[in-house]
Structure formats: structure tokens, C-alpha cells
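Peer 1: predicted structure and sequence below. I'll ask about it afterward.
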Amino acid sequence: MSINRRNFLKLAGLAGAGWIGNTAPIQGIEPGKSYPDGKLPHIKKAAETKHPHRFNMSGYCAPAINTVRIGFIGVGNRGSAAVERMSQIDHVNITAICDVRPEKAQEAKQRIKSDGHKAILYTDSDQAWMQMCQRDDIDLVYIATHWKLHAPMAIYAMEHGKHVALEIPAATTVEDCWKLVETSEKTRKHCVMLENCCYDFFELLTLNMARQGYFGDIIHCEGAYIHDIFEGLFQEEKRYDFWRLKENSTRNGNLYPTHGIGPVCQILNINRGNKMEYLVSMSSNDFMLNEKAKEAAASNPYFKQYIDKPFRGNMNTSTIRNHNGSTILLQHDVTSPRPYSRIHLVSGTKAFAQKYPLPGKIAFGHDGWVSDTVMQELEQTYTPAITRQIGDLAKQIGGHGGMDFMMDWRLIDCLRNGLPMDMDVYDAASWSAISPLSEWSVANRSAAIDIPDFTAGNWKNNQPHDISLQKGGNTGVRMR
């Protein structure tokens, strides 16, 4: 018997309502109730509710694990690629693989590139992923399911003694962002969101430049997820069970903020000496999705349910003000015929950087873009240690040009050496919370909404994460 998808969705809903784990429902939130006025008061309430602080996970060093034993949940496009990458990192043991589609679990196992992995497949019961999490020979659960399942699975895994790495976004509700924080603090298990764009090469370069003062004081940053996946939203083979189309038909805001905001939050030291304070968001009308649904319904009755539904606006623009007076602009558009862009713009008192259109460029002072020769000199001076050590190999192994492998390698190296995570649970929560907060702002004529302080004030003393590799860096790579 294969895993029933409805049970996965039911568990996701129960977790969002506070019925999985030990956290009670947030006062004033009625699980399952709809709010037809479009003002989304439950988001506002969740953002304002105070939560207890148990332990500071920022800078926390969990006990070192010499060989990291991994269980994977969800091995479609992203998850199966992660299995292949992880199998090429030394001191990794792929112990288990779980998916609702048995054939996908088997295909993922076939992608393992080194010897010694005896991955057991979990595909034969409604509680298969839970059974996997209950094993005592797994150190890390790697979650790559669709969005709504990320938080409930991560919470359950941490409660059963596992560190967690979960795909983006970490959660789709403010309530679940808080539950991730509370569970990580309670269990002292890492909850790492797999934001691969923080490990792209120009982003790491500008992060190191910012850390060394090249830009001066950072005034403003911009990020985006502008990616034309319009046709893919209507192709089930691209998005299992049309899950992403469903997200775009039920929510209106910035649904996928972390590719853009993650790298600039690290540059701005968010949660580590600085914090995001409030957000305003605006969406355009939908000029494309409803018309496409009508067109698709002519040949596939499945899409008739979307003909009269209001889809998310094609372009969302959100702006954020930070405690130190700097600002962030974020954009989200996955339907317009625009070239791919994450913008990645850093504007300081001394210098400026922007990645898109490619390639990334630097401007210093008031003299415009630096020459190619100067750019090469800057790269030689400011390329961080992680890129120097693993960058070329990462490009060979791949995963979005190498950043995926660099992310996985760094995660394993930190776990093996008992080092703090580059992206901790507070980053996972605050970056992911942008989505529901933007939904509330859009629904309330772009009114401002406060961004919760998931660190409970510890941002004032938390230290920026270390990318120098002064510790660790001793994890090798193996090939079959």
C-alpha cells in the first residue's frame, strides 16, 4: 500500500493548527475557519502573539557527528538530486529514502554515486515518513516535499531527536514559523533551511566584501525570484499534483521570498546585530493565470475548477525596513515572460554591487563600474575560503552551477565538526515569514505589518556566522 497523499496533507493541516507536537493552537486562531473578507486576521494575530524563549540556537554548537546518517523525505526533482550530491560527500551514510511514489524512491536510490549506502525505502504505509523519523540510526532528516509539508515534518523529526535540513520555504504560516523555532530551541536540534542561493559564487563574494567593509555602511539591498515557470504550473509532471498551481490560486503575496532575501539578510547581519522590523507589500492584478486556466480547461476538465478563482497577482513587490535604518526590496514573478533574475543588489556608502543582468558587477565610489581588470583583482582579494576550497569541485559536481553542492558540503562539514549553522532556525523562520506577512499586507491595501522577532531579542548580541573556514573544512569528497 502506497502512502496516501491525503494523509500527508491532513498532517500538514493539523500541524499548522498546533495539533502535532506539544504546542497548543495560538489563542484567537480558529483552525479550518475561512476569512471571506480577505483581510486575513489570523496572520496579523499570529505575528503579534508573544512566544516563550527557551534557548538561543544562534551560534549553537551541537555535538560533532563523525559520520552523518541521513534520511530523505521527498525525492522528486530536488530531493533525488540531493541524494546524488550527498552520496559524493565523505563521512555521509544515506540510511533511508521516503516518497509517496515508490518508483521515485527507487530512482533516487539508483542515483547514489558511492559505495556503502544501504538506504532502506519507505513507501508502504501512511506513516512511512514518521516511521523513518523514529529510527535511532538517523542523524539528519533532509526534507524536499512540497511546501506545506516542510514544517510538520521538520517538527516531528526534531521531536524525535534528528537535525533537520528542509527545502524552501521552511513554512507557509507565521504559526508554523514559531513552531519551528520553539521545537528547535526545546530539542536543541538544528533546523537548517536549504537556501542554496546563499552559496552562489557572487553572493558569497559580496558577503565577504561586506564583512570586510568594502561597501561601507549598507544602505539598501534588493533581491527577487523572477523565474518564468508559467507553462510548468499547468504540467503535472513538472509539479506533482499541480501543487504549485494550487499555491498560486489560494494565496496572494510573495510566495517564494528566500532566494532573494536570504543572501542580503546575511549581508545585513539580520538576526545577528540587526533585524527586520516591518514590511509593506503590493501585488499587481493577475493578467495571465486565469486566462491560461480557461485555455487549459478546454482540453483538460481538471482545470475547470480554476476558471472562476482569483489567482495571485503576477508581480509582487515588498519592501522592508530594518532596525539599523537600511531597507530591502523584494520582488516575485513566476508567470511573466521575463528573463530570470534574483537581482542581488547591494548599495553601500562606498560601493555598489548587482548581479543581474549577468555577470555580477561592482561599482566603487562615484566612478561607475570597475574595469574587468579591477574586478578580477577584487575576486582574487575577496573570494572567501569556502569558495577557494570547494568551489571548483562544486562546479564539477553541479546543482545550479555548484551552489547546491557547496550548500550540502557546508552543512555536513558543520555537523561533523560541531560548528554553528550558517542558516539557523531564526533565519528559516524570519525569511519564510515574509510570505504570509506579505499576504496580509496585500489584502489590507499595502498596510505595514511588523515582522516578528523570532530571536526574542537575542539579535542584539548574536554574532555574524563565520564563512572563513578557520574551523572545520576537513570534509572530503568521494566518488565510486
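Peer 2: On my side now, so go ahead.
Peer 1: you'd agree residue 408 is up against residue 87?
Peer 2: No. Counting by C-beta atoms under 8 Å, residue 408 does not reach residue 87; the two are 10.2 Å apart. In this view, the C-beta of every residue, glycine as well, is placed from N, C-alpha and C.
Peer 1: between the two, who's got more neighbours?
Peer 2: Using other C-beta atoms under 10 Å, the more surrounded residue of residue 408 and residue 87 is residue 408, with 26 against 23.
Peer 1: what about that one, helix or strand, and which?
Peer 2: helix 403-417 (DSSP states H and E).
Peer 1: against which helices or strands is that helix packed?
Peer 2: strand 68-73, helix 77-86, helix 385-397 (3 or more C-beta pairs under 8 Å, 6 or more residues apart in numbering; DSSP states H and E).
Peer 1: quick check: angle from the helix or strand following the second one to strand 68-73?
Peer 2: Sequence-wise, the next helix or strand beyond helix 77-86 is strand 92-98, with elements assigned using DSSP H and E. Between the direction of strand 92-98 and that of strand 68-73, the angle (axes from the mean of the first three to the mean of the last three C-alpha atoms, to 10 degrees) works out to 20 degrees.
Peer 1: give the buried residues for the helix or strand in which residue 261 is found.
Peer 2: Here residue 261 sits within helix 258-267, counting by DSSP H and E. Buried residues in helix 258-267, counted by 16 or more other C-beta atoms under 10 Å: 258-267.
Peer 1: so which of the residues you listed comes closest to residue 121?
Peer 2: Distance to residue 121, by C-beta to C-beta, is smallest for residue 258 among the buried residues of helix 258-267, at 29.9 Å.
Peer 1: need the contact list for that closest one.
Peer 2: Going by C-beta atoms under 8 Å, 6 or more residues apart in numbering, residue 258 touches 168-169, 193, 195, 197, 431-432, 434.
Peer 1: winner for burial among the helices and strands packed on helix 403-417?
Peer 2: Each of the helices and strands packed on helix 403-417 was assessed for mean neighbour count using mean count of other C-beta atoms under 10 Å. The highest is strand 68-73, with a mean of 26.
Peer 1: where do the domain boundaries of the protein fall?
Peer 2: 5-28+35-196, 198-386+425-460 (automatic domain parsing).
Peer 1: what's the closest of the helices and strands packed on helix 403-417 to residue 466?
Peer 2: The nearest among the helices and strands packed on helix 403-417, by C-beta to C-beta, is helix 385-397 at 9.8 Å.
Peer 1: quick revisit: rebuild the buried residues of helix 258-267 as CSV, extending it with distance to residue 80.
Peer 2: Shown next, in CSV, are the buried residues of helix 258-267 (distance: C-beta to C-beta, whole Å):
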residue, distance to residue 80
258, 21
259, 20
260, 26
261, 27
262, 23
263, 26
264, 30
265, 29
266, 28
267, 32
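Peer 1: may I have the helix holding residue 408 exported as PDB, CA atoms only?
Peer 2: This file holds the C-alpha atoms of helix 403-417, laid out as PDB (Å, rounded to 0.1, in the frame of the first residue of the first chain):
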ATOM      1  CA  MET A 403      25.900  26.200  -5.300                       C
ATOM      2  CA  ASP A 404      23.700  23.200  -4.300                       C
ATOM      3  CA  PHE A 405      26.800  21.000  -3.700                       C
ATOM      4  CA  MET A 406      28.600  23.800  -1.800                       C
ATOM      5  CA  MET A 407      25.500  24.200   0.500                       C
ATOM      6  CA  ASP A 408      25.300  20.400   1.100                       C
ATOM      7  CA  TRP A 409      29.000  20.100   1.800                       C
ATOM      8  CA  ARG A 410      29.000  23.000   4.200                       C
ATOM      9  CA  LEU A 411      26.000  21.500   6.100                       C
ATOM     10  CA  ILE A 412      27.800  18.200   6.500                       C
ATOM     11  CA  ASP A 413      31.100  19.900   7.500                       C
ATOM     12  CA  CYS A 414      29.400  21.900  10.200                       C
ATOM     13  CA  LEU A 415      27.600  18.800  11.600                       C
ATOM     14  CA  ARG A 416      30.800  16.800  11.500                       C
ATOM     15  CA  ASN A 417      32.900  19.400  13.300                       C
END
